[in-house]
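Visitor: any chance you can model this:
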Amino acid sequence: MIKYFDGGMGSMLGLRAGELPELLNLSDPLRVLKIHMAYANAGADIITSNTFGANPLKYENCAEIVRAGVELAGKTGKKVALDLGPTGRLLKPMGDLDFEECVSAYSEVVRAGAEGSDLVLIETVSDTYELKAAILAAKENCSLPIFVSLMFDESGRLLTGADIKTACALVETLGADVIGFNCGLGPKQMIPLVKELREYTSLPIMVNPNAGLPEVVNGKTVYTVEPDEFAAVMRELAALGVSYLGGCCGTTPAHIKVLIEKTKNIPDSVPEYKTHTIVTSGSESAVFGKKSLVIGERINPTGKKLLKQALRDGDTEYIIKEGISQRECGAHILDVNVGLPEIDEVEMLKCAVYELQSVLPTPLQLDSAKPEALEAAMRIYNGKPLINSVNGKEDSMSSVFPLIKKYGGAAVCLCLDESGIPESAEGRIKIAEKIIDRAEKYGIKKKDLIVDALTMTISTNTQNAVETLKAVDYLRNTLGVHTVLGVSNISFGLPDREAINTAFYTEALAKGLSAGIINPKSAPMMNAYYAHNALAGFDESCTEYISSVIKEEKTEQVITQLSLKDSIVKGLKDESAAIAKRLAESTPALDIISSEIIPALDSVGKDFEKNKLFLPQLLMSADSAKAAFDEIKAHIIKSGDATVKGDKIVLATVEGDIHDIGKNIVKVLLQNYGFDVIDLGKDVKCERVLEEVIKSGARLAGLSALMTTTVPNMERTIRLIHENTNAKVIVGGAVLTRSYANMISADFYAKDAMESVRIAQEYFKSL
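Guide: Residues are numbered from 1 along each chain as shown. Below is the predicted model:
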């Protein structure tokens, strides 16, 4: 039978100006309990604690608030969901919140609320990195089931760019028990999302939509989907196969009551087990399948003098450039190996992974023989990584598999054990079968194992290639497990190694090789890859092959002599600063800004708007632009030239709202487009915004709200500004729509940060 969650809390409380919902657990508990009881009486099986925004980053007495919230929900006699909402801050490098600080914040909530709760609900998730922090906090501090509820837009993307497939892979690999959607959309808009989710997940599904999208009626924020209409659409959702239903913003006990009446006879349905093998970054997936994947091998110090020196010098910029060039040459996954005897591999691998994932959306293969290095990198990795490697030795399996079970990932499994590497294919297959069996005992499924049959050079035994290919064929086509090979090992000790590598790679692809660890900057290797895909029917209309032929040659390409524009687009902060510093010596500041910095930001902004890149890359480029601006400003000050000030814009998150993620993103972009931004912060009184607009003479104000209960304060602020100044107001936030913005008399509505920039540019140009 389907189980039922309750509905909206914040939209039921009728919050007055300045009231924060979580504090009512202490100051007005009967008001909260009354709502809980109404949902219980409507038939809800699970009552969500009033702790959505309760965390130590916002409240010093967080633990007290959480305990009170759980106790109130428990008084209904129903199952209690300990509610963990977003922290309200962006994690580094996009924001200022450290990953471990985020884990610690969620951990405090879990420790305070686990007793008395029946499950942990991590809801309204829009960032995979914050999601990982929350799941780790839950796993490390309690043994309760973990429900994850994601907030997608209608295009099927999270705020930080992940699609459903990518987010689903992360949720499952981290060990959550239930996955689903809430907030942001009404039930109709969630139908295609649920259909897509069922294609990828093996977990039970939950769906808690809003009662439609918010509107303003007679000066009040309302949701217009009534209980009967809500329940009718939810019946369609239930028929798709779900296990949990409920409501979010705007839903009431009446919505839940009718929902239960209309769907109680529909059986629950858990999706069938999926065998997709997927690794991810925070925003992008690499899917193992018929078409082989390219794993870039260049971030590995073996035989690479420049990389070795970069590792000794702690030069992560060099590593990032290697990553970028491999991605541009076609790599789907990047191997990251920083093992040198003379450096701290644990810290260096952690640092390299952090820097690479800050700039690139490409999934990473974490490559180390040291479990402690793997753990350090796996913990801070944003996504589901590929782990290289585990082998058939007992100490390897007992040290690596528990890490994968805790932090998630797919494992590269080497066909060797205490006796070494068997010469025969049969011997290697036997080890692979042993590893698969042991992984199952740790709860790691075969779909998350990629077997490396091991490439041995033919210079020492001419049968090495034959046996390896025989093993690949059996593993992939008989045993049904994905395979990977480090291709270049085949030619050690031979001249013209690239010719041998290319021929071997082609034969391995024909045997069903799932992924090759190769140099993607080798034209012969990539030509073989694209030609094979075309011949094997994996390249419809030969599109990729043709593109690979006509694109600029990238053989042994290294990113050098970048323009300032290029380094900003690629998110290379240090490089951008260095180039700007050099340019400032000979080029007027305004010329640098107009010919390099602004065009770079425009280019990135257009790709963001076309969904070619996502928020992390947008903000890294903005950060690189800021580094360039800082160098230019420093030169201006040193030379004594007058500083050119941009047009003033006042920004604020409105009174009663303590979420300022969106406003902070807008601030970064506006500043890097040269605007003079006055940031008043969050929970800003209407009068304070007006005061600053008058004092500064700003012609534009930007207002943000995430909570529906604070939109009336946004409307009041707009009215004050319009009545007392000639300034215009731009609004944005998760609860707003363009029509909603019109209803509250906003002059402009921005659906995202880049649209805020475009509006500001056009507005000031028109004055």
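Visitor: off-centre distance for the helix or strand bottoming out on mean pLDDT in the chain?
Guide: Least confident helix or strand of the chain, by mean pLDDT, DSSP states H and E, is strand 214-217 with a mean of 72. Put simply, strand 214-217 sits 31 Å off its chain's centre (C-alpha atoms, centre = their mean, to the nearest Å).
Visitor: which elements pack onto that strand?
Guide: Contacts defined by 3 or more C-beta pairs under 8 Å, 6 or more residues apart in numbering; DSSP states H and E place strand 214-217 against strand 220-223, helix 711-724, helix 738-743. Yep, even glycine has a C-beta here, placed from its N, CA and C like the rest.
Visitor: adding mean pLDDT, write the ones you listed out as a markdown table.
Guide: Converted to a markdown table, the helices and strands packed on strand 214-217 look like this (pLDDT from 0 to 100):
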| stretch | mean pLDDT |
| --- | --- |
| strand 220-223 | 76 |
| helix 711-724 | 93 |
| helix 738-743 | 88 |
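Visitor: closest one to Ser756 among these?
Guide: Closest to Ser756 of the helices and strands packed on strand 214-217 is helix 738-743 (C-beta to C-beta; 12.4 Å).
Visitor: give me the buried positions along the closest one.
Guide: The neighbour-count check on helix 738-743 (16 or more other C-beta atoms under 10 Å) flags 740-741, 743 as buried.
Visitor: give me the contact list for it.
Guide: The contact list for helix 738-743 (C-beta atoms under 8 Å, 6 or more residues apart in numbering) reads 213-216, 711, 731, 748-749, 751.
Visitor: then that helix to PDB, C-alphas only?
Guide: Taking Å, rounded to 0.1, in the frame of the first residue of the first chain, the C-alpha atoms of helix 738-743 are listed here in PDB:
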ATOM      1  CA  ARG A 738       7.000  35.900 -14.100                       C
ATOM      2  CA  SER A 739       3.200  36.400 -13.700                       C
ATOM      3  CA  TYR A 740       3.600  36.400  -9.900                       C
ATOM      4  CA  ALA A 741       6.200  39.100 -10.200                       C
ATOM      5  CA  ASN A 742       3.800  41.200 -12.300                       C
ATOM      6  CA  MET A 743       1.100  40.700  -9.600                       C
END
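Visitor: how distant is the helix or strand following it from the center of its chain?
Guide: Once the chain leaves helix 738-743, the next helix or strand it forms, by DSSP states H and E, is strand 748-749. Taking C-alpha atoms, centre = their mean, the mean C-alpha location of strand 748-749 is offset from the chain mean by 27 Å.
Visitor: tell me what strand 748-749 is packed against?
Guide: Contacts defined by 3+ C-beta pairs under 8 Å, 6+ apart place strand 748-749 against strand 728-732, helix 738-743.
Visitor: helices or strands up against the helix or strand just after it?
Guide: Following strand 748-749 in sequence order, the next helix or strand is helix 753-766 (DSSP H and E). Under the contact criterion of 3+ C-beta pairs under 8 Å, 6+ apart, helix 753-766 touches helix 598-609, helix 661-672, strand 700-704, strand 728-732.
Visitor: and the third one, which strands flank it?
Guide: Paired neighbours of strand 700-704 in the sheet (DSSP bridges): strand 648-653 (parallel), strand 728-732 (parallel).
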